[in-house]
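# Provided below for reference: sequence and predicted model.
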Amino acid sequence: MMSKYIRTTHKDTKPQGKAAVISQADLERMFGDEGFQSFRDRALFGLCRYTAARISEVCQMKISDVFLPSGKVKAEIVFRSETTKGEYGQKSVKVSPNLRVLLEAYEVPQKGLYLFPGRHGRGHINPVSASHIFKEVCDRLELHHVSTHSFRRTAINRMREAGFLLEEIQRISGHKSLDGLSHYLEVSESRLGEAVNCL
């Protein structure tokens, strides 16, 4: 008898006006056989997932931001200041093993500057077009309350849950202040209980 899949990304994970945090099980489905159907899409959204970057930043990435002239993936990915929100300055994020696999599987364009070219090879892919791709996958997987920004919120909360300092997470997320970063953090009622019990 086949077991029915139970969604683990619920509306409860979506604070009012914010994208939901995506569960690990749903992330695996997105990047598995039933999710993104091309190496390009897996690389595109993998960059969002593993670097806590905004979709607009990833869409504007140049090949040279990610790959060496030899065609190998760099040890650190560069996000240029002109592509970041409010141009908060250039940042670099180390490439995780999982992201490296996705990038190495992607066939990098032989012409042009951009890692993810737009239609007919003009410029870079539009963030709106990327959002449509994401929505199609979410609709197929019956995932609700998520958006491309969910990757950023998910990454930030995963790092916090793993015990990394907020200052360390801030270096990766690129937030100008800890106050800006705090808006991405979820608070668990059970954790609040654990906090006072340790006093």
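Good, I have the coordinates. Quantities reported herein were computed from a predicted structural model and do not represent experimental measurements. Numbers count the residues shown, from 1 in each chain.
# ok, and what's touching the longest helix seen in the chain?
The longest helix of the chain (DSSP state H) is helix 127-141. Helix 127-141 is contacted from outside by 26, 29-30, 34-36, 41, 44-45, 55-56, 58-59, 116, 118-119, 144, 146-148, using CB atoms under 8 Å, 6 or more residues apart in numbering. All C-beta spots, glycine's among them, are computed from the backbone N, C-alpha and C.
# quick one: average pLDDT of that helix?
Summarised as a single mean, pLDDT over helix 127-141 is 96.
# Buried ones in it, by neighbour count?
By 16 or more other CB atoms under 10 Å, the buried positions in helix 127-141 come out as 127, 130, 133-134, 137-138, 141.
# Show me the contacts of helix 127-141 that map onto helices.
Per DSSP H, helices hold the following members of the contacts of helix 127-141: 26, 29-30, 41, 44-45, 55-56, 58-59.
# Most neighbours of all the residues you listed, which one?
In terms of neighbours by other CB atoms under 10 Å, the ones in helices among the contacts of helix 127-141 top out with Val58 at 29 neighbours.
# which non-adjacent residue is nearest that one?
Leu47 (4.5 Å; CB to CB, 6 or more residues apart in numbering).
# So the one you found sits against Ile77, correct?
Yes: between Leu47 and Ile77 there is a contact under CB atoms under 8 Å: 7.4 Å.
# higher neighbour count, these two?
Leu47 (28 against 22).
# residues in contact with that one?
53, 58, 61, 66, 77, 99, 103.
# what do you get for Ala43?
102-103, 105-106, 115-116.
# Please apply the same query to Thr51.
58, 77, 79, 93, 99, 155, 172.
# what's the first one in contact with, if anything?
Contacts for Val58 were tallied using CB under 8 Å, 6+ apart; they are 44, 47-48, 51, 116, 130.
# Check these for the minimum pLDDT and say which it is.
Lowest pLDDT among the contacts of Val58: Thr51, 91.
# And that residue, how close does it get to Arg119?
25 Å (CB to CB, to the nearest Å).
# Same check on Ile169?
According to CB to CB, Ile169 stands 35 Å off from Arg119.
# Likewise for Gly46?
For Gly46, the distance to Arg119 - CB to CB - is 22 Å.
# Between those two, point out the one with more neighbours.
More crowded of Gly46 and Arg119, by other CB under 10 Å: Gly46, with 25 against 9.
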